[in-house]
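**Student:** fold the following.
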Amino acid sequence: MKEISEYQSLVLEQLELLEKEKSDLALYDPVSYILSLGGKRLRPVLTLLATDLFGGKLEDSYKSAVGIEMFHNFTLLHDDIMDDAPLRRGMETVHEKWDINSAILSGDVLFVQAFVMVTSCKDKYLRSVLDLFNVTAIEVCEGQHLDMEFETREDVTIPEYIEMIKLKTSVLVGCALKLGAILADASKEDQENLYDFGVNLGIAFQIQDDILDVYGDSALFGKQVGGDILANKKTYLLLKALEDSTPQQEEELNTWLNKSTYDNAEKVTAVTTVFTDLKVKEQADEVMWEYYEKSIDFLNKINLPEENKNYLLDFAKTLIERSK
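**Tutor:** Numbering: from 1, shown residues only. From the prediction side, this is the model:
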């Protein structure tokens, strides 16, 4: 097994090779741009890591892993258009740097390129890879639809929210891991257990993200603290607060949710105070650890040497035990 940084370097090398081979058409400039914005490359790393765990050849997974990264960036590009987001990782979003039409079309070609790369595998794996990728791509779109729908709904439940983050975020984590296992000839049972490990870990990771958005250190977290509050995002914390609030607290939350003009710091402080009074952080922590433990239960079912399981366990702990 390698260090995570070594897998990241391998992904970057493959992306650089892809850049050298790209067409000169202006259509591909936004594609190169969004892929150059960085990030941890978590999903392709998971594909390579899973291939390594089961003793496969890493070179057999290079293109498929890069395809997963391209698909992830396709979703970010289109999400930014739908959210009218001005920045992505501190840089202009594609639709701001070019225009909406260019961003949509470049996103479309990025999706097709992702499909081509993911399915650039040996013929014996193609059916399984196609089935996995197609189902995941549809589920991610369903998750994004739910996320958009929640923006105008006032009756969103916590189970609905969990289902949304599972589809929008977690299934791609499970897909990345299962893809690497398929390409390493892991058994069907191990493929499924690894997938379920990834999905549950992804849910735990997203709930942790909700917590850190409110209670994290922005310098360590890498995002603006309180961003979800300012955007009225229906996170686990907000939904739990609305569920448990007194009439007075509910009125205060709804006042801030419905205000069109406000001081950002004042809104973040006021809403966070309600969260703290209701102890929703502690409840979110509890649910986050429940999903983490579910992921470990699936990890324990996988037929791998203890050394390899411990590697995955350490990886999972690193994801979840981010500084608060």
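**Student:** list phi and psi for Glu21.
**Tutor:** Glu21 adopts backbone torsions of phi -90, psi 0, taken as degrees, to the nearest 10.
**Student:** ugh, typo on my part, it should be Glu92
**Tutor:** Dihedral angles of Glu92 (phi, psi; degrees, to the nearest 10) stand at phi -60, psi 140.
**Student:** the bottom helix or strand of the chain by mean pLDDT?
**Tutor:** Using mean pLDDT, DSSP states H and E, the weakest-scoring helix or strand in the chain turns out to be helix 218-221, at a mean of 55.
**Student:** any stretches of this structure with poor pLDDT?
**Tutor:** 218-224, 322-324 (pLDDT under 70).
**Student:** for the residue most central in space within it, give me its contacts.
**Tutor:** Nearest to the mean C-alpha position of the chain, counting by Cα atoms, centre = their mean, stands Thr169 at 4.1 Å. Contact analysis of Thr169 by Cβ atoms under 8 Å, 6 or more residues apart in numbering lists 143, 202-203, 205-206. To be clear about C-beta, it is placed using only N, CA and C from the backbone, and glycine gets the same treatment.
**Student:** neighbouring contacts of the helix or strand hosting Glu250?
**Tutor:** Per DSSP states H and E, Glu250 falls inside helix 247-258. Residues outside helix 247-258 that contact it (Cβ under 8 Å, 6+ apart) are 232, 238, 241-242, 245, 262, 267, 270-271, 274, 277-278.
**Student:** returning to that earlier point: any buried residues in the helix or strand that the least confident helix or strand of the chain is followed by, and which?
**Tutor:** Next along the chain after helix 218-221, taking DSSP H and E as the criterion, comes helix 227-230. Across helix 227-230, burial judged by 16 or more other Cβ atoms under 10 Å covers 228-230.
**Student:** give me the neighbour count for Glu6.
**Tutor:** As a burial measure, Glu6 scores 12 neighbours (other Cβ atoms under 10 Å).
**Student:** strands along the chain, start to end?
**Tutor:** All strands of the chain, identified by DSSP state E, fall at 87-88, 91-92.
**Student:** using TSV, lay out those together with mean neighbour count and distance to Leu110.
**Tutor:** Shown next, in TSV, are the strands of the chain (neighbours: other Cβ atoms under 10 Å; distance: least, Cβ to Cβ, whole Å):
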stretch	mean neighbour count	distance to Leu110
strand 87-88	16	14
strand 91-92	15	17
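**Student:** any chance of these in JSON lines, plus distance to Val156?
**Tutor:** Putting those into JSON lines (distance: least, Cβ to Cβ, whole Å) gives the following:
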{"stretch": "strand 87-88", "distance to Val156": "26"}
{"stretch": "strand 91-92", "distance to Val156": "31"}
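**Student:** quick one: closest of these to Ile162.
**Tutor:** strand 87-88 (25.8 Å; Cβ to Cβ).
**Student:** what about Asp185, distance to Val214?
**Tutor:** Distance of Asp185 to Val214, computed by Cβ to Cβ, to the nearest Å: 44 Å.
**Student:** neighbour-wise, which of the two wins?
**Tutor:** The neighbour comparison of Asp185 against Val214 (other Cβ under 10 Å) goes to Val214, with 22 against 15.
**Student:** would you agree the more buried one is in contact with Lys281?
**Tutor:** Yes - between Val214 and Lys281 there is a contact at 7.3 Å, judged by Cβ atoms under 8 Å.
**Student:** who touches both of these two?
**Tutor:** 237, 275.
**Student:** returning to that earlier point: minimum distance to Leu25: which of the strands of the chain has it?
**Tutor:** The closest approach between Leu25 and any of these, judged by Cβ to Cβ, belongs to strand 91-92 at 20.9 Å.
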